[in-house]
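Novice: Here is a sequence together with a model predicted from it:
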Amino acid sequence: MPIPIKGKVYKTAVRPALRYGSECWPLMEGMKMLRWSGGVTCLDKVRNEYIRGTLRVRPIPEKLLETRLRWYGHVMRCPDHVTKRLLDINTGPRERGRPRLTWKSVIDKDLQKAKIDPQTTQD
């Protein structure tokens with residue numbers, strides 16, 4: 001299969017499947033699907049940017065960030081929704097060790113990365 005067609009298949013079939021429900025995932029890492037579909041291994045020493053350029057696709061974390069921020073804006077615009085109230089719930093004392101990655105902490109990082117004020121999401 002030609003490389004541009006693999007890119008189109010990735011955009012139309014694989015990426016929507018990966019993004020389904022991703023509004024609620026605290027995911028920060030990318031995927032290795034593009035290397036596999038391009039037939040490139042790590043031993044070939046080809047950069048990810050080159051592979052994404054060849055397949056003409058944007059990085060998965062960028063698309064997930066966009067989806068998460070869209071969902072966050074939707075939740076914040078709902079006047080008295082259960083989801084909005086659940087964002088402020090404290091679960092109590094945390095366990096020993098590194099704290100778990102929460103959806104709210106990922107959203108806060110995304111808002112800082114995109115330089116968006118949290119108050120503007122409610123408009």
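Specialist: Received the coordinates, thanks.

Novice: Just give me the neighbour total for V9.
Specialist: A count of nearby residues for V9, using other CB atoms under 10 Å, gives 14. (Glycine included, C-beta is placed from N, CA and C.)

Novice: Now do the contacts for it.
Specialist: Residues near V9 by CB atoms under 8 Å, 6 or more residues apart in numbering: 1, 37.

Novice: gap between G73 and T120?
Specialist: Counting by CB to CB, to the nearest Å, the gap between G73 and T120 amounts to 9 Å.

Novice: Please apply the same query to K11.
Specialist: For K11, the distance to T120 (CB to CB) stands at 30 Å.

Novice: again, but for L64
Specialist: 21 Å.

Novice: Could you do D110 as well?
Specialist: 14 Å.

Novice: Got phi/psi on G7?
Specialist: Backbone torsions for G7, taken as degrees, to the nearest 10, come to phi -60, psi -40.

Novice: neighbours around it, how many?
Specialist: Around G7 there are 20 other residues, counting by other CB under 10 Å.

Novice: Skipping adjacent residues, who's closest to it in space?
Specialist: L55 (3.5 Å; CB to CB, 6 or more residues apart in numbering).

Novice: What residues does that neighbour make contact with?
Specialist: Neighbour list for L55: 3-4, 6-7, 10, 34, 37-38 [criterion: CB under 8 Å, 6+ apart].

Novice: Just the mean pLDDT for stretch 112-123, thanks.
Specialist: Per-residue pLDDT over stretch 112-123 has a mean of 77.

Novice: Output it as PDB, nothing but the C-alphas.
Specialist: C-alpha atoms of stretch 112-123 as PDB (Å, rounded to 0.1, in the frame of the first residue of the first chain):
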ATOM      1  CA  GLN A 112      -0.900  26.300  30.700                       C
ATOM      2  CA  LYS A 113       0.600  24.800  27.500                       C
ATOM      3  CA  ALA A 114      -2.000  26.400  25.300                       C
ATOM      4  CA  LYS A 115      -1.800  29.700  27.400                       C
ATOM      5  CA  ILE A 116      -5.500  29.700  28.100                       C
ATOM      6  CA  ASP A 117      -7.100  31.300  31.200                       C
ATOM      7  CA  PRO A 118      -9.500  28.900  32.900                       C
ATOM      8  CA  GLN A 119     -12.000  31.700  33.300                       C
ATOM      9  CA  THR A 120     -12.300  32.000  29.500                       C
ATOM     10  CA  THR A 121     -13.500  28.500  29.100                       C
ATOM     11  CA  GLN A 122     -16.800  29.300  30.900                       C
ATOM     12  CA  ASP A 123     -17.700  32.000  28.300                       C
END
